[in-house]
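Chemist: The sequence isn't on hand, but the structure is:
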């Protein structure tokens, strides 16, 4: 895979993704760890479940279990990891954010009630009470490769570039109509602004207005990640249609950049009542390159 890159930006060379990889995901409490490990062993042909003999499903022709990884999150965890790894942009990662991009939003305004995303409770399917799998939902999984050095706009020595300011980053992550916060006087250190911002629904045409430069700073045509997602992740009256399960992730990926650069993978997931483009559909700045008229694009994740 060879994503597009604008002139002067780091170019991602051929991306080597593990072939035949699969993901088995479920949110668990730490106390559930032994049960999770036992379940994975059973799926991997241990023939034992809950301490008793139980034939494992015949998955050997479909899956090969090679490793398991536990994901977790914590306020300020990405900054702690960035400092420990001496990353060039560590000083720009907000020490309050649970996400690598330095932003988070208010989950209370950005997630639905559990029953709303079930096949029965969403009113978007034919399922009724008592139907098979009526309390079920679709779980969307996303695995994003992020060039965080480019997102934060610093060079290898950690010197910020012209578009490293908080006001620029927050518009790509949220919206430009208007930006949700002007940030601090110091736009760089510790993220340059607040980590937690309101998750406001401004209508399904918010992205269109941004693309037209209506209501944006200086009339610039800049589309925010959040406003794009809200074209399809909300009901007509603004209620979310998903339950989010965000996780920052921290894992070097097997790929090469030109010039070489360490970048990290991020994982996010959500429960939805029907197939949805969220998370995989529209992203603001960093690794997924698409040509734009003037500005570089960056990739990240913030809920909608």
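Modeler: Perfect, thanks for sending it. Since the structure is predicted, the reported quantities are computational estimates derived from the model, not experimental observations.

Chemist: Quick one: the strands in the stretch 1-150 of the chain, in order.
Modeler: 11-15, 48-49, 52-53, 104-105, 138-146 (DSSP state E, counting those that start in this stretch).

Chemist: Could you say which of the ones you listed is packed most deeply?
Modeler: strand 104-105 (a mean of 24; mean count of other C-beta atoms under 10 Å). Heads up, the C-betas are built off the backbone N, CA and C, glycines and all.

Chemist: so where's the stretch 101-250 of the chain shaky on pLDDT?
Modeler: 106-108, 246-247, 249-250 (pLDDT under 70).

Chemist: how about the helices in it?
Modeler: Along the stretch 101-250 of the chain, the segments classed as helices by DSSP state H, counting those that start in this stretch run 107-110, 148-152, 166-173, 206-212, 225-229.

Chemist: between the strands of the stretch 1-150 of the chain, which gets nearest to residue 211?
Modeler: Of all the strands of the stretch 1-150 of the chain, it is strand 104-105 that lies closest to residue 211, at 21.6 Å by C-beta to C-beta.

Chemist: counting contacts, what elements does the closest one pack onto?
Modeler: Here strand 104-105 touches strand 196-197, going by 3 or more C-beta pairs under 8 Å, 6 or more residues apart in numbering; DSSP states H and E.

Chemist: Run through who's touching the strand it packs on.
Modeler: The contact list for strand 196-197, computed with C-beta atoms under 8 Å, 6 or more residues apart in numbering, reads 96-97, 103-106, 170, 174, 180-181.

Chemist: Save these as JSON lines, and put in distance to residue 245 too.
Modeler: Below are these laid out as JSON lines (distance: C-beta to C-beta, whole Å):
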{"residue": "96", "distance to residue 245": "20"}
{"residue": "97", "distance to residue 245": "17"}
{"residue": "103", "distance to residue 245": "17"}
{"residue": "104", "distance to residue 245": "13"}
{"residue": "105", "distance to residue 245": "14"}
{"residue": "106", "distance to residue 245": "16"}
{"residue": "170", "distance to residue 245": "23"}
{"residue": "174", "distance to residue 245": "20"}
{"residue": "180", "distance to residue 245": "23"}
{"residue": "181", "distance to residue 245": "25"}
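
Chemist: Would you mind giving me the PyMOL syntax to select the buried ones in the residues you listed?
Modeler: Here is the PyMOL selection string for the buried members of those, based on 16 or more other C-beta atoms under 10 Å:
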select buried, resi 97+103+104+105+170+174+180+181
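
Chemist: quick check, nearest of the contacts of strand 196-197 to residue 113?
Modeler: Using C-beta to C-beta, those come closest to residue 113 at residue 106, 15.3 Å.

Chemist: Which residue is the nearest non-sequential neighbour of residue 82?
Modeler: Using C-beta to C-beta, 6 or more residues apart in numbering and skipping residues adjacent in sequence, the residue nearest residue 82 is residue 90, 3.7 Å away.

Chemist: What of residue 59?
Modeler: Closest to residue 59 by C-beta to C-beta, 6+ apart is residue 43, at 6.3 Å.
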